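In: Task: produce atomic coordinates for the following.
(4 chains)
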There are 2 protein chains.
Amino acid sequence: MSTKSEIIRLGDALVKEKGFNGFSFSDISKKLGIKNASVHYYFPAKSNLGVAIIDDELERLHDAIAEVKDKQPDEQLKKFLSIYVGIKGENNICIVGSFASDLSTLDDDMAAHLKTLVTEILNWVTSILAEGLRIGTFKFETEPRTKALLIITNMLASLQLTRLTEPGDFETIHNTIIKELKP
Amino acid sequence: MSTKSEIIRLGDALVKEKGFNGFSFSDISKKLGIKNASVHYYFPAKSNLGVAIIDDELERLHDAIAEVKDKQPDEQLKKFLSIYVGIKGENNICIVGSFASDLSTLDDDMAAHLKTLVTEILNWVTSILAEGLRIGTFKFETEPRTKALLIITNMLASLQLTRLTEPGDFETIHNTIIKELKP
DNA sequence: GTCTATATTCCGATAGAC
DNA sequence: GTCTATCGGAATATAGAC
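Out: Predicted coordinates:
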């Protein structure tokens, strides 16, 4: 893997672990065994790295969407939820929640890319739910977009909150979301 | 108001706006028209201020609970939800989501106090929902504690997320939560 | 209780050699 | 592309005068 992509990968992990304002270029250069200046060679400003991290997440989102695009809505939703299960397994929070929490400290460039990421996630989940509703895989009363907002906020905040509540709470939330969609 | 309580109030607002790692003692001293060292007189370390901010929020939670303790469950829930409506009006995020996002960067003292705050919020909402279910004010299928987790995560993350989605999304989530509880 | 002054450390960032 | 060296600034924190 190239140094640049390793920096992005490490930065991504650090955003999920400590938040964008909670890590420094030194955290990355130390773990990578290179010098601070070398990180600046790839990303002149920290905000450039922030944008790259968000864009990388967007690419992986597109991969996930493509991977299950011909499958049934319940399989697609399972794929979406599995992203959060993976993050929970690392005891981290999701990148959107981390960046969104610090929104007012991010520059316009980062905020714009973050908005794109959020929009695409919301559109994907909305379309999964709409199709599931149409063919009877799912049952719910609200607009698909509203249901998508509810499910996304459940998952996003459960990563943040269940590190402070009882063990198993994340799994309970996860299972309840799936159960309540069943016809 | 005393200087000490003004510092806590300003710190509280800054956590909601910028996150605990996104503001400094200078932000407070400048706004208060005093010097940095004066803030340190009241709170030797930043973590001491963090604990005070959390404890102050816990007190206000107790006030809110006491204020509506003899009212009907739907009124109590409305009071709970109104906390988030107020924060949304300031375009901020809630203190629990802000601190919980940065959990791994907080010291043990702050983490312990934060856990207490989260536990008490969860217990309150659980008891509101359980009582509402018992007397028929609310209708839902899960355990009251699970439903409380779902509602809290909806509200917490909607503050973070709806600054990046369409106007009105927060209100939609808010209204849907209330609607879906109706028998 | 608030101030001046200062110590220390860290951070983001850049210039220029190799 | 990575390094050394360094800058300017900001952050947390403390000592001691008033």
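In: for the nearest residue to A:Val118 once chain neighbours are set aside, helix, strand, or coil?
Out: Nearest non-adjacent residue to A:Val118, counting by C-beta to C-beta, 6 or more residues apart in numbering or on different chains: B:Leu164, 4.4 Å away. Every residue, glycine included, has its C-beta placed from N, CA and C. Three-state assignment for B:Leu164 (DSSP: H, G, I helix; E, B strand; the rest coil): coil.
In: tell me the contacts of B:Leu164?
Out: A:100, A:103, A:111, A:114-115, A:118-119 (C-beta atoms under 8 Å, 6 or more residues apart in numbering or on different chains).
In: And these, which of them are buried?
Out: Buried subset of the contacts of B:Leu164 (neighbour count, 16 or more other C-beta atoms under 10 Å in any protein chain shown): A:100, A:103, A:111, A:114-115, A:118.
In: So which of these belong to helices?
Out: Judged by DSSP state H, the subset of those located in helices is A:100, A:111, A:114-115, A:118.
In: if I look at A:Glu120, how far off is B:Ala148?
Out: The gap separating A:Glu120 from B:Ala148 is 30 Å, by C-beta to C-beta, to the nearest Å.
In: okay, the two: which has more neighbours?
Out: Just comparing A:Glu120 and B:Ala148: by other C-beta atoms under 10 Å in any protein chain shown the higher neighbour count belongs to B:Ala148, 22 against 14.
In: Surely the more buried one touches B:Thr126?
Out: Yes: with contact defined as C-beta atoms under 8 Å, B:Ala148 and B:Thr126 form a contacting pair (4.3 Å).
In: Sketch out the low-pLDDT regions of chain A for me.
Out: Across chain A, nothing is flagged by pLDDT under 70.
In: Near DNA strand D, which residues of it are found?
Out: With the criterion set to C-beta under 7 Å from any atom of the strand, chain A comes near DNA strand D through A:3, A:33-38, A:41-42.
In: Could you look up the SS state of A:Thr137?
Out: State at A:Thr137, reduced to three classes by three-state DSSP: coil.
In: what sits against the residue nearest to it when sequence neighbours are not counted?
Out: Distances taken as C-beta to C-beta, 6+ apart place A:Pro73 nearest to A:Thr137, at 4.7 Å, with adjacent residues excluded. Contacts for A:Pro73 (C-beta under 8 Å, 6+ apart) come out as A:128-129, A:131-132, A:135, A:137-138.
In: for these, which one is nearest DNA strand D?
Out: Nearest to DNA strand D among these: A:Ile128, at 39.3 Å, using C-beta to the nearest atom of the strand.
In: Just say helix, strand or coil for the closest residue to that closest one other than its chain neighbours.
Out: Setting aside the residues directly before and after it, A:Ile128 is nearest to A:Gln76 in space (C-beta to C-beta, 6+ apart), at 4.6 Å. Here A:Gln76 is helix, with the state taken from three-state DSSP.
In: okay, now A:Gln76: neighbour count?
Out: A:Gln76, neighbours per other C-beta under 10 Å, totals 24.
In: what about it, distance to chain B?
Out: As judged by C-beta to the nearest C-beta, to the nearest Å, A:Gln76 and chain B stand 21 Å apart.
In: Kindly report the same for A:Gly89.
Out: Distance, A:Gly89 to chain B, by C-beta to the nearest C-beta: 15 Å.
In: go on, A:Gly86?
Out: Counting by C-beta to the nearest C-beta - A:Gly86 and chain B are separated by 17 Å.
In: And for A:Asn92?
Out: Applying C-beta to the nearest C-beta, the value for A:Asn92 to chain B is 8 Å.
In: Helix, strand or coil: sort out that residue for me.
Out: Three-state call for A:Asn92 (three-state DSSP): coil.
In: doesn't A:Leu159 make contact with it?
Out: Yes: A:Asn92 is within contact range of A:Leu159, at 7.3 Å (criterion: C-beta under 8 Å).
In: the more surrounded of the two?
Out: A count of neighbours by other C-beta under 10 Å puts A:Leu159 above the other of A:Asn92 and A:Leu159, at 26 against 23.
In: so what's the residue nearest to A:Ile128 up against?
Out: Counting by C-beta under 8 Å, 6+ apart, A:Gln76 has contacts A:68-69, A:128.
In: Mind checking which of those are in helices?
Out: Among the contacts of A:Gln76, the members found in helices (DSSP H) are A:Ile128.
In: DNA strand C contacts on chain A?
Out: A:23-27, A:36-37, A:40, A:44-47.
In: Switch these over to TSV; also include neighbour count.
Out: Listed next are these as TSV, based on neighbours: other C-beta atoms under 10 Å in any protein chain shown:
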residue	neighbour count
A:Phe23	19
A:Ser24	14
A:Phe25	18
A:Ser26	11
A:Asp27	17
A:Asn36	12
A:Ala37	9
A:His40	15
A:Pro44	10
A:Ala45	11
A:Lys46	18
A:Ser47	15
